[in-house]
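Q: I'll drop the sequence and a predicted model, then ask my questions.
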Amino acid sequence: MVSIDVSVLDAGAGDREDKMNTQNTAPLSAYIKIARPDHWVKNVFIMPGLVLALILIEIPDEIGIFLLKFAAGFLATCFIASANYVINEWLDAEFDKYHPTKKYRPVVSQNMKFSLVMAEYAVCIAAGIALSLLVNIPFLLTEVVLLVMGILYNVKPIRTKDIVYLDVLSESVNNMIRLLLGWFIVCENVYPPSSVLVGYWMAGAFLMAVKRYAEYRMIGDPKLAGSYRKSFARYTEATLLCSSFFYALCATFLIGIFLLKYRIEYIVAIPVLFFLFCYYLYIAYKPDSAAQKPEKLFREKKLMILVGILVVLFAVLTVVDIPVMEMWETAFFIPTKK
């Protein structure tokens, strides 16, 4: 279904193993670590798509089957994401050695075998595909797209990770794919609104650009930053900040279109959404910022409180009508769908 030139992945593997031939073979825990199970929390990004489908389309009649599909879909996404992480860890080893913290990752610091890494990659793909079959065909095909995006992002000759701006856009598109995955768990015959899809993509691009900005600031040396990540040779702090601002504007504009179209009451939540974007950018200025490691963002208590407030606010506004909002709707001729 998806083919990879193994010689490309194997490039440098012999040299890497020769340098470590005096070390013991890496333990099983190292191979588990490069699959990044601690990053599986990122797959909660399928939830907005799932919730959106439940609100706009239908609530499944058979809850048991729905919960089974959800569990299978979530695990399938975790395994496909881990497959992408595995090849990312292997192919980035020559660059990660220049990073202040990533130089301690197993592929860089331990004697890992190429054959075992590729076997792990294949197992993750097989598990992800098998679990996807329990959901439905659109979900399966979307998982394949997620897998292909991992290949395009990491593997030469394309390797979008090395291309300025495209590195952010090609990585953040995975958020849009995750939204689709959540949607297809509920509904396989209808697609979500395009404004939500692209807005979610741009929101992910904002998160990725801020992450790049935090990494660039932490490294401190533009030349060293370019050795770690090729796209950093073309970035500056200013361009990263400006691109982050652009992605945030696109995201809030497109998501705002959807919110106003489908329920005018959602306009009350938009200022909170704006503030959430601003606070996330503020986090990037902190030393050892959690923005560099999104899986650690749960430790940012104020950010989690903001997210919680936004979720509760959307839940309330979904069921509570505000009469003055209907007056605004009539005055400004905003078409809505009740």
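A: Sure thing, it's come through.
Q: pull out the buried positions in stretch 149-161.
A: 149, 150, 151, 153, 154, 155, 159, 160, 161 (16 or more other CB atoms under 10 Å). C-beta: built from backbone N, CA, C; applies to glycine.
Q: okay if I get those as JSON lines plus pLDDT and secondary structure?
A: Putting the buried residues of stretch 149-161 into JSON lines (pLDDT from 0 to 100; DSSP: H, G, I helix; E, B strand; the rest coil) gives the following:
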{"residue": "149", "pLDDT": "96", "secondary structure": "helix"}
{"residue": "150", "pLDDT": "94", "secondary structure": "helix"}
{"residue": "151", "pLDDT": "94", "secondary structure": "helix"}
{"residue": "153", "pLDDT": "92", "secondary structure": "helix"}
{"residue": "154", "pLDDT": "89", "secondary structure": "helix"}
{"residue": "155", "pLDDT": "90", "secondary structure": "coil"}
{"residue": "159", "pLDDT": "89", "secondary structure": "coil"}
{"residue": "160", "pLDDT": "92", "secondary structure": "helix"}
{"residue": "161", "pLDDT": "89", "secondary structure": "helix"}
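Q: residue 203: which of the residues you listed is nearest?
A: residue 149 (17.0 Å; CB to CB).
Q: ok, the closest one to residue 174 distance?
A: To residue 174, residue 149 is 6 Å away according to CB to CB, to the nearest Å.
Q: how about residue 287?
A: Distance from residue 287 to residue 174, by CB to CB: 28 Å.
Q: the two: who's more crowded?
A: More crowded of residue 287 and residue 174, by other CB atoms under 10 Å: residue 174, with 23 against 7.
Q: show the model's pLDDT score for residue 27.
A: Note for residue 27: predicted pLDDT of 79.
Q: give me the neighbour count for it.
A: 12.
Q: how much space between it and residue 280?
A: Distance from residue 27 to residue 280, by CB to CB: 36 Å.
Q: do residue 320 as well
A: 27 Å.
Q: between the two, which one's more packed in?
A: residue 280 (22 against 9).
Q: now the buried residues of stretch 149-161 as CSV including distance to residue 221?
A: What follows is these, written out as CSV (distance: CB to CB, whole Å):
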residue, distance to residue 221
149, 31
150, 29
151, 31
153, 25
154, 25
155, 28
159, 23
160, 24
161, 20
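Q: among these, which two are most distant?
A: Among these, 149 and 159 lie farthest apart (CB to CB), at 12.2 Å.
Q: I'd like the next helix or strand past the helix or strand containing residue 47.
A: For residue 47, the element it lies in under DSSP states H and E is helix 47-56. Per DSSP H and E, the first helix or strand lying C-terminal to helix 47-56 is helix 63-91.
Q: counting neighbours, which bits of that following helix end up buried?
A: 66, 69-70, 72-91.
Q: one more: stretch 86-106?
A: 86-93, 95-99, 102, 105-106.
Q: pick out the most distant pair among those residues.
A: 86 and 98 (20.9 Å).
Q: send me stretch 288-304 as PDB with only the CA atoms.
A: Coordinates of each C-alpha in stretch 288-304 appear next as PDB, following Å, rounded to 0.1, in the frame of the first residue of the first chain:
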ATOM      1  CA  ASP A 288      12.600  25.400  28.700                       C
ATOM      2  CA  SER A 289       9.100  26.200  27.300                       C
ATOM      3  CA  ALA A 290       6.500  23.400  27.200                       C
ATOM      4  CA  ALA A 291       5.700  24.700  23.700                       C
ATOM      5  CA  GLN A 292       8.800  22.700  22.600                       C
ATOM      6  CA  LYS A 293       7.100  19.500  23.900                       C
ATOM      7  CA  PRO A 294       3.400  19.700  23.300                       C
ATOM      8  CA  GLU A 295       2.900  16.400  25.100                       C
ATOM      9  CA  LYS A 296       4.000  18.300  28.300                       C
ATOM     10  CA  LEU A 297       1.500  21.000  28.000                       C
ATOM     11  CA  PHE A 298      -0.800  19.400  30.500                       C
ATOM     12  CA  ARG A 299       1.600  20.600  33.100                       C
ATOM     13  CA  GLU A 300       0.700  24.200  32.200                       C
ATOM     14  CA  LYS A 301      -2.100  24.700  34.700                       C
ATOM     15  CA  LYS A 302      -3.300  28.100  33.500                       C
ATOM     16  CA  LEU A 303      -3.400  26.900  29.900                       C
ATOM     17  CA  MET A 304      -5.500  23.800  31.000                       C
END
